[in-house]
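[1] Can you look at this prediction? I've put the sequence above it.
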Amino acid sequence: MPIHLSTAQPDFAERFAALLSMKREDAADVNDAVASIIADVRGRGDAALVELTGRFDRLALTAETLAFSKDEIAAQTAKVSAEDRAALAMAASRIRAYHARQMPDDLSWTDPEGATLGWRWTPVSAAGLYVPGGQASYPSSVLMNAIPARVAGVERLVICVPTPDGVVNPLVLLAAELAGVDEVYRIGGAQAIAAMAYGTRTIRPVDKITGPGNAYVAAAKRQVFGRVGIDMIAGPSEVLIIAQGEQNPEWLALDLLAQAEHDADAQSILITPDETLARAVVAEVERILPALPRAEVAGASWRDYGTVIVTRDLDEAAALSDRLAPEHLELCVDDPEALAEKTRHAGAIFLGGWTPEAVGDYVSGPNHVLPTARSARFSSGLSVMDFLKRSTIARLSPEALAAIGPAAVRLAESEGLSAHGRSVSARLAVLNGGQG
Ligand SMILES: NC(=O)c1ccc[n+]([C@@H]2O[C@H](COP(=O)([O-])OP(=O)(O)OC[C@H]3O[C@@H](n4cnc5c(N)ncnc54)[C@H](O)[C@@H]3O)[C@@H](O)[C@H]2O)c1
Ligand SMILES: N[C@H](CO)Cc1c[nH]c[nH+]1
Ligand SMILES: [Zn+2]
């Protein structure tokens, strides 16, 4: 049974606080296991990758077979049907079109003092793209990672994807080819993140690691941050649906189950002022769930983390949603635009009953790599910006230095940094006819 809450309950505040602090992915044991995997990969490199892949993915590799060879990629991609190829190509072109609009412009201007100022964007040199593969395979995540990186102009794109028992989805390799990925390694989990961050004899390190994954991947990204950049914490999937009015309970149930089937740690939440609709959706979930091929995973997620909250009205629903800051927010109400205006914290927002979150997972265009575990309060979904950095630019004319330099000298003196002050005053002295 999912968690049932109502804002009319006298102890609602405490129950909601417990929901907010529910830990799905950063348990101490996951962090400890990840720390020792990272230390092992740093210490033993390829040998650790081979051993850990044997242990976690039941796949015997050697340093030579960590990467997919060109021949293996060609043999796998040849198996893809024309229909699947067309679907992947359509997804790629919509994702590319959406992300091309994100490319920011450089800027330069000269201010009244004569200082020419601005900034310039440049891509990171090498990006490591994590593509999950433990319980399901994600060709769509290849496109969502690699296309923005290519749009940004990243030179070297590396993918790590686990292939449990050696089984690879040919669409993963075809998506990598379509998106122009340079290297694909069949490793996953914390060991893959460590290899991309620190490098091994076979895998050169990257500058930035992006992509979703389970609790181990999310913890590893947290732990290597600083050595490399990361996009965000994109852990076990989440959906929060706010519903009211004439809604189809079966559709809503399927939307909840679509995220629950990703992972036993996924979370699906329904918030509605309509108790009858809440009961109908729960009944539909329970009707549909047992026949799903991934009933075990979806059932565990729904049982442990599934939540239904009955509110007094939609305003209350929007306020609770903001506090949960979900990865995906579906607004299945009569006026979704108006309700969207009342929410601020969500990775991706889906407006109206005809916009199932699942379409956003594949083909609508926006990225599906999104912040989870309430991190949408302070971070955004993956974008072209994640693969770019900004350098500021300044050029001063002698007149500009004469105008603003004296203030710099005073501030340097107040900080007790005399070389700073003299580096400016030596030039000012020349401008004032002195020796410098
Ligand atoms: N937030 C997002 O944007 C987004 C997008 C897509 C998928 N997802 C999430 O990505 C996740 C994919 O998870 P997955 O498991 O299918 O694949 P995964 O590739 O993330 O994880 C598989 C790896 O986890 C490691 N692992 C598993 N059990 C371990 C253990 N006991 N100790 C150490 N390492 C262990 C193994 O190395 C294995 O290779 C799901 O949670 C899904 O919801 C999130
Ligand atoms: N819903 C996932 C993000 O949480 C993305 C995805 C990929 N394939 C299916 N779904
Ligand atoms: Zn999904």
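    Here it is on my side, so go on. Ligands and ions are numbered 1, 2, ... in the order given.
[2] quick one: pLDDT of whichever residue of the chain sits closest to ligand 1?
    Of all residues in the chain, residue 189 sits closest to ligand 1, at 2.1 Å by C-beta to the nearest ligand atom. The way it works is simple: take the backbone N, C-alpha and C, and place the C-beta from them, glycine included. As predicted, residue 189 sits at a pLDDT of 98.
[3] likewise residue 375?
    Confidence at residue 375, expressed as pLDDT, is 95.
[4] can you pull the contacts of the closest residue to it other than its chain neighbours?
    The shortest distance from residue 375 to any non-neighbouring residue, by C-beta to C-beta, 6 or more residues apart in numbering, is to residue 233 (5.0 Å). Residues near residue 233 by C-beta atoms under 8 Å, 6 or more residues apart in numbering: 218, 221, 222, 371, 372, 373, 375, 379.
[5] Can you point out the buried residues in stretch 119-136?
    121, 123, 124, 126, 127, 128, 129, 130, 131, 132, 133, 134 (16 or more other C-beta atoms under 10 Å).
[6] The residue in the stretch 251-400 of the chain that ligand 2 sits nearest to is in what secondary structure piece?
    With C-beta to the nearest ligand atom, the shortest gap between the stretch 251-400 of the chain and ligand 2 falls at residue 361, namely 3.5 Å. Secondary structure from DSSP states H and E places residue 361 in helix 357-362.
[7] tell me the contacts of the residue of the stretch 251-400 of the chain closest to ligand 2?
    Neighbours of residue 361 in contact, by C-beta under 8 Å, 6+ apart: 140, 258, 368.
[8] And those, which is closest to residue 387?
    Within the contacts of residue 361, the smallest distance to residue 387 is 16.4 Å, found for residue 368 (C-beta to C-beta).
[9] and residue 44, what does it touch?
    Applying C-beta under 8 Å, 6+ apart, the residues contacting residue 44 are residue 51.
[10] Once you drop chain neighbours, what's closest to residue 106?
    That would be residue 120: by C-beta to C-beta, 6+ apart, it lies 4.6 Å from residue 106.
[11] if I've got this straight, that neighbour is in a strand?
    Yes. When DSSP: H, G, I helix; E, B strand; the rest coil is applied, residue 120 is found to be in a strand.
[12] isn't it right up against residue 391?
    Yes. Under the criterion of C-beta atoms under 8 Å, residue 120 is in contact with residue 391, at a separation of 5.3 Å.
[13] circling back: can I get the contacts of residue 233 in a markdown table with neighbour count?
    Shown next, in a markdown table, are those (neighbours: other C-beta atoms under 10 Å):
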| residue | neighbour count |
| --- | --- |
| 218 | 29 |
| 221 | 27 |
| 222 | 16 |
| 371 | 26 |
| 372 | 26 |
| 373 | 22 |
| 375 | 19 |
| 379 | 17 |
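[14] for this protein, what are the low-confidence residue spans?
    25-26, 434-436 (pLDDT under 70).
[15] what does it have sitting close to ligand 1?
    Contact residues, the chain versus ligand 1 (C-beta under 6 Å from any ligand atom): 33, 56-57, 132-136, 138, 141, 162, 188-190, 212-214, 216-217, 234-237, 262-263, 265-266, 327, 368-370, 372.
[16] So for the helix or strand in which residue 280 is found, what gets flagged as buried?
    Using DSSP H and E, residue 280 sits within helix 275-288. Neighbour counts over helix 275-288 (16+ other C-beta under 10 Å) mark 277, 278, 280, 281, 282, 284, 285, 288 as buried.
[17] Stretch 297-315 too?
    For stretch 297-315, burial by neighbour count (16+ other C-beta under 10 Å) applies to 297-302, 304-311, 314.
[18] which one of the contacts of residue 233 sits closest to residue 251?
    Taking these together and measuring to residue 251 by C-beta to C-beta, the closest member is residue 372, at 23.2 Å.
[19] Report the contact partners of that closest one.
    25, 218, 233, 234, 235, 236, 237, 238, 327, 347.
[20] neighbours around residue 412, how many?
    18 (other C-beta atoms under 10 Å).
[21] max-length helix in the chain?
    Once the chain is assigned using DSSP state H, the helix that runs over the most residues is helix 82-100.
[22] what residues does it touch?
    With C-beta under 8 Å, 6+ apart, helix 82-100 has contacts from 80, 139-140, 143-144, 147-148, 151, 171, 174-175, 178-179, 362-367, 383-384.
[23] Please state the backbone phi and psi of residue 157?
    The phi/psi pair for residue 157 (degrees, to the nearest 10) reads phi -110, psi 120.
[24] do residue 209 as well
    phi -120, psi 130.
[25] Test my guess that it contacts residue 223.
    No. Contact criterion C-beta under 8 Å: residue 209 and residue 223 do not qualify, at 11.1 Å.
[26] Looking at these two, which is more packed in?
    Neighbour count, other C-beta under 10 Å: between residue 209 and residue 223, residue 209 has more, with 27 against 19.
[27] wait, isn't residue 406 in contact with residue 428?
    Yes. The criterion here is C-beta under 8 Å, and residue 406 meets it with residue 428 at 6.8 Å.
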